[in-house]
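1. Please work out how this folds:
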Amino acid sequence: MPAVSKGDGMRGLAVFISDIRNCKSKEAEIKRINKELANIRSKFKGDKALDGYSKKKYVCKLLFIFLLGHDIDFGHMEAVNLLSSNRYTEKQIGYLFISVLVNSNSELIRLINNAIKNDLASRNPTFMGLALHCIANVGSREMAEAFAGEIPKILVAGDTMDSVKQSAALCLLRLHRASPDLVPVGDWTSRVVHLLNDQHLIVTSASTDLQDYTYYFVPAPWLSVKLLRLLQCYPPPDPAVRGRLTECLEAILNKAQEPPKSKKVQHSNAKNAVLFEAISLVTHHDSEPNLLVRACNQLGQFLQHRETNLRYLALESMCTLASSEFSHEAVKTHIETVINALKTERDVSVRQRAVDLLYAMCDRSNAQQIVAEMLSYLETADYSIREEIVLKVAILAEKYAVDYTWYVDTILNLIRIAGDYVSEEVWYRVIQIVINRDDVQGYAAKTVFEALQAPACHENLVKVGGYILGEFGNLIAGDPRSSPLTQFHLLHSKFHLCSVPTRALLLSTYIKFVNLFPEVKGTIQDVLRSDSQLKNADVELQQRAVEYLRLSTVASTDILATVLEEMPPFPERESSILAKLKKKKGPSTVTDLEEAKRERSADVNGGPEPALASTSAVSTPSPSADLLGLGAAPPVPAGPPPSSGGLLVDVFSDSPSAAAPLAPGSEDNFARFVCKNNGVLFENQLLQIGLKSEFRQNLGRMFIFYGNKTSTQFLNFTPTLICSDDLQANLSLQTKPVDPTVDGGAQVQQAVNIECVSDFTEAPVLNIQFRYGGTFQNVSVKLPITLNKFFQPTEMASQDFFQRWKQLSNPQQEVQSIFKAKHPMDTEVTKAKIIGFGSALLEEVDPNPANFVGAGIIHTRTAQIGCLLRLEPNLQAQMYRLTLRTSRETVSQRLCELLSEQF
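-> Predicted coordinates:
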């Protein structure tokens, strides 16, 4: 209830509320309310001369009754009449009633809109504030249609009071979120931006120059946080602005290192709030190696802080930093601290963030240590997070397994420790991998046989053991300790303890044994012939027993061998474990777009997962392009060439036929992907595009992630790859369609199969067209498929390198470029970029240890092209000389262009 002065107190309302509170039962309360409703109804109908005070009092009573949970079907007109009053309290109660009780489809909406327009035009700041609050509270499409054009005028008007500007800014934001297609943001953006320079903090903060305002020695922390968060809605700025922004971020990181100016908690809270938001912006841009490493070191200091909240936030922020190629190694230096947090933290949420960070920082160098620590923690982990830990352990064990015997041991240990939390996807995946790898099948059979000998083993282990022994039990049958009959008795001893699906699997194993081991055929037939099988109450078990018994009786040895032959290898496809983890974590998490931002110099074992997506491809499919395991959609002719327009071109047009020109910053983002395969390619207020790709010889596979950053659906979502005629002849692309509807906050992914037919210089253009809130959106970006992606590194000794260097001495085989350094000349960053470019980095080959040399082979369908490179830095002059020698001039030229832009 609104506050009222003593002179304006409503005694009747106070008495009514007191009566309700004194009711001894629900029935008494309803009786008192019905009596009051009858009295109010008679007053509204009978006495036509009710004054404003009485109307206000009765409307307040109706509002109170509604808040108690009772329906109100009258009094709306009286509330609307209060809007025309010149008394603040009467007008306030009228607006409050309308905000809470009037439906946007009400017949009174026109009268309400007229009253609001009168108050907005009155220039009375108090009445204008009430009207703006009502518009924002209702926030309906009808309100947006009526006032979307008026509110921006109030916001930028010179004579509008600051408090009204604040209300207008927040009201406009509310309407824009509810009905973005009706709010003319584009017409007012440039004028609204100037409000950031307003001298009054409330206006600046609401419309989000810092002002002369400090909070416990921290300059305007709330405004700083809002501005840093605002910048995260946009892609990195152009180089000129980026330099100024980098200076600001460095200043924030430097101030965070200074001794505290106050011991009060408010000072540290404000200081840390700005710091964490600055680190989020650094991570979002993912383009400044020095800042990323500094941010990581800064967060590392919080990992052992006495404040639990700071430890939590530090772990959460480092998860994102671990996905950057520039800061991943710096994050790994804190592995012992994170493991200690996993073991000693009291707060389960902090322990969960520690698990997330270990998962994010894992690579080949530390996979076995991290997996071992996760397994150790799993034995005492909280039940709420066990399933997630199981999925992460299974993914890491598969992804970074160098020795697949370790992978088999890890999964079996996982089942032993947390069998109840091992989903079907986990044991399905281990079966797929064992079947696909000949070198581990014998070890897997031996290991599961030994594991099944435990007196009590989990049912998931029985499933894995039954499947593997049914396929590969013959590989260990030569050992008397694991003879065919021993294997059968061991599995059958678990039969009566298992569920129906597991029993069905074991029956299939038994019939496989009939084929593998003819000597146990009679024993197995006796089991199948028993009443417990042939007359089983479960129809599935009964049918299997009947069919398998008949098959073992009538089929010849050759037919039996054909029907029950070993399972063929499974096709390469997305790991169902990773898909389950993504589903469990929800959209837009570290396993989605942040996972896409991760870049690793080493290949991973588990291939990325293809969710079959939906774009029009523009090149001719090639049979060899499907070797990576994805089917290809029929090719569609290339879309029309790019035409005029902007990032969000033709906002009011319904025609989706023309592709937009490249989005601002597209060239810079394209250059960033020359030396890495994963990351965020494009981002604006509506859409985020992430990439994750891998290349082997002349073949590649790329996954494009489209993330809807809004709460509104994208309709008619149509991504299209556009290639020139020359590019189509040299680069084959195959895609699958994506779902034309992308829900708010959701993400879809699209797989692209790539084959390099011959060397090329251009890059395909990705055009995305969709409808957002009724408005047509059109975005184009360059897709970073470059010639160096088909590099295969080649190790060479010093003598071999220079011998080959001399052989490629023809003028047309060498291209050289001398250029000024665009970035700090850091040795480690340079090494990382050369390796990311695709060539092998040859150590101790060049006589000058300051130089960098590399070697590799460009693979195309038609040729293999050897490539040698030499990069000579001059620290004093801040210059580089880059020399490329290949057997083809066009390849030398293109590789030199691509690599020189990286330094």
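2. got the residue ranges for the helices in the stretch 101-250 of the chain?
-> Ranges of helices in the stretch 101-250 of the chain, per DSSP state H, counting those that start in this stretch, are 109-121, 125-138, 141-147, 151-156, 162-178, 185-193, 201-207, 221-231, 239-257.
3. can you list the ones you listed in CSV and add distance to residue 557?
-> Any C-beta I mention is one placed from the backbone N, CA and C, and that applies to glycine too. Output for the helices of the stretch 101-250 of the chain, formatted as CSV (distance: least, C-beta to C-beta, whole Å):
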stretch, distance to residue 557
helix 109-121, 84
helix 125-138, 80
helix 141-147, 75
helix 151-156, 85
helix 162-178, 72
helix 185-193, 77
helix 201-207, 83
helix 221-231, 72
helix 239-257, 74
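4. Adding mean pLDDT and distance to residue 267, write those out as TSV.
-> Shown next, in TSV, are those (pLDDT from 0 to 100; distance: least, C-beta to C-beta, whole Å):
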stretch	mean pLDDT	distance to residue 267
helix 109-121	87	42
helix 125-138	88	34
helix 141-147	82	42
helix 151-156	80	34
helix 162-178	82	27
helix 185-193	59	31
helix 201-207	49	19
helix 221-231	86	10
helix 239-257	88	12
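5. Need these in TSV (columns: distance to residue 385 and mean neighbour count).
-> Shown next, in TSV, are those (distance: least, C-beta to C-beta, whole Å; neighbours: other C-beta atoms under 10 Å):
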stretch	distance to residue 385	mean neighbour count
helix 109-121	49	18
helix 125-138	39	21
helix 141-147	42	19
helix 151-156	46	20
helix 162-178	33	21
helix 185-193	42	12
helix 201-207	38	20
helix 221-231	29	18
helix 239-257	31	13
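6. Which of these sits closest to residue 32?
-> Residue 32 lies closest, by C-beta to C-beta, to one member of these: helix 125-138, at 29.3 Å.
7. starting at the chain centroid, how far to that closest one?
-> Offset of helix 125-138 from its chain centre (C-alpha atoms, centre = their mean, to the nearest Å): 38 Å.
8. Show me what that helix is packed up against.
-> Counting contacts by 3 or more C-beta pairs under 8 Å, 6 or more residues apart in numbering; DSSP states H and E, helix 125-138 is packed against helix 88-101, helix 109-121, helix 151-156, helix 162-178.
9. Give me the angle between the second one and helix 162-178.
-> So that's helix 109-121. Angle, helix 109-121 to helix 162-178, by axes from the mean of the first three to the mean of the last three C-alpha atoms, to 10 degrees: 140 degrees.
10. which other residues reach helix 109-121?
-> Helix 109-121 is contacted from outside by 80, 83-84, 91, 98, 102, 106, 127-128, 130-132, 134-135, 142-143, 146-147, 150, 154, using C-beta atoms under 8 Å, 6 or more residues apart in numbering.
11. following the lowest-mean-pLDDT helix or strand in the chain, which helix or strand shows up next?
-> Every helix and strand of the chain was ranked by mean pLDDT, DSSP states H and E. The lowest is helix 593-596, at a mean of 43. Downstream of helix 593-596, the next assigned helix or strand under DSSP states H and E is helix 666-672.
12. Name the residues of that following helix that are buried.
-> Buried residues in helix 666-672, counted by 16 or more other C-beta atoms under 10 Å: 666, 668, 669, 670, 672.
13. show me where the stretch 701-850 of the chain has strands.
-> For the stretch 701-850 of the chain, the strands defined by DSSP state E, counting those that start in this stretch cover 714-722, 731-735, 747-756, 765-772, 775-782, 791-793, 814-820, 840-842.
14. So what's the gap between the fourth one and the chain middle?
-> This points to strand 765-772. Taking the mean of its C-alpha atoms, strand 765-772 sits 19 Å from the chain's own mean (C-alpha atoms, centre = their mean).
15. Neighbouring strands of that strand in the sheet, and parallel or not?
-> strand 714-722 (antiparallel), strand 775-782 (antiparallel) (DSSP bridges).
16. what angle sits between that strand and strand 747-756?
-> Counting by the same axes, to 10 degrees, strand 765-772 lies at 160 degrees to strand 747-756.
17. Now strand 765-772: average pLDDT?
-> Strand 765-772 comes out with an average pLDDT of 89.
18. do the same with the fifth one
-> Confidence for strand 775-782, expressed as mean pLDDT, is 86.
19. where's the dip in pLDDT among the buried residues of helix 666-672?
-> residue 666 (77).
20. Make sure that residue is actually in contact with residue 682.
-> Yes - between residue 666 and residue 682 there is a contact at 7.1 Å, judged by C-beta atoms under 8 Å.
21. joint contacts of those two?
-> Residues touching both residue 666 and residue 682 by C-beta under 8 Å, 6+ apart: residue 781.
22. Output stretch 709-721 as CSV, nothing but the C-alphas.
-> Listed in CSV are the C-alpha atoms of stretch 709-721, where the atom choice follows Å, rounded to 0.1, in the frame of the first residue of the first chain:
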residue,chain,number,x,y,z
LYS,A,709,21.0,-14.2,-27.1
THR,A,710,17.5,-12.9,-26.8
SER,A,711,14.3,-14.2,-25.1
THR,A,712,12.4,-14.1,-28.4
GLN,A,713,12.3,-16.8,-31.1
PHE,A,714,14.2,-16.4,-34.4
LEU,A,715,11.9,-17.4,-37.2
ASN,A,716,12.8,-18.5,-40.8
PHE,A,717,16.4,-18.9,-39.7
THR,A,718,18.3,-19.6,-42.8
PRO,A,719,22.2,-19.8,-43.0
THR,A,720,23.7,-20.0,-46.5
LEU,A,721,27.3,-20.5,-47.6
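23. Give me the domain ranges for the protein.
-> Residue ranges for the domains of the chain, per the TED database: 666-785, 788-901.
24. May I see those domains organised as TSV, with distance to residue 341 added?
-> TSV is the format used below for the domains of the chain (distance: least, C-beta to C-beta, whole Å):
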stretch	distance to residue 341
domain 666-785	27
domain 788-901	28
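25. Could you point out which of these sits nearest residue 289?
-> Among the domains of the chain, domain 788-901 comes nearest to residue 289, with 5.5 Å by C-beta to C-beta.
26. tell me the mean pLDDT for the closest one?
-> The average pLDDT within domain 788-901 is 86.
27. With stretch 743-758 instead?
-> Per-residue scores along stretch 743-758 average to 88.
28. Identify each buried residue in it, please.
-> So stretch 743-758, judged by 16+ other C-beta under 10 Å, has buried residues 746, 747, 748, 749, 750, 751, 752, 753, 754, 755, 756, 757.
29. Restricting to C-alpha, output that stretch in PDB.
-> What follows is stretch 743-758, C-alpha atoms only, in PDB (Å, rounded to 0.1, in the frame of the first residue of the first chain):
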ATOM      1  CA  ASP A 743      14.100 -20.500 -29.400                       C
ATOM      2  CA  GLY A 744      15.100 -17.700 -27.100                       C
ATOM      3  CA  GLY A 745      18.300 -18.500 -25.200                       C
ATOM      4  CA  ALA A 746      18.800 -21.700 -27.300                       C
ATOM      5  CA  GLN A 747      21.500 -22.800 -29.600                       C
ATOM      6  CA  VAL A 748      21.600 -24.900 -32.800                       C
ATOM      7  CA  GLN A 749      24.600 -26.300 -34.500                       C
ATOM      8  CA  GLN A 750      25.400 -27.100 -38.100                       C
ATOM      9  CA  ALA A 751      28.000 -29.400 -39.500                       C
ATOM     10  CA  VAL A 752      30.000 -28.600 -42.600                       C
ATOM     11  CA  ASN A 753      32.100 -31.200 -44.500                       C
ATOM     12  CA  ILE A 754      35.100 -29.600 -46.200                       C
ATOM     13  CA  GLU A 755      37.400 -30.900 -48.900                       C
ATOM     14  CA  CYS A 756      40.400 -29.000 -50.400                       C
ATOM     15  CA  VAL A 757      40.400 -29.900 -54.100                       C
ATOM     16  CA  SER A 758      43.200 -27.500 -55.100                       C
END
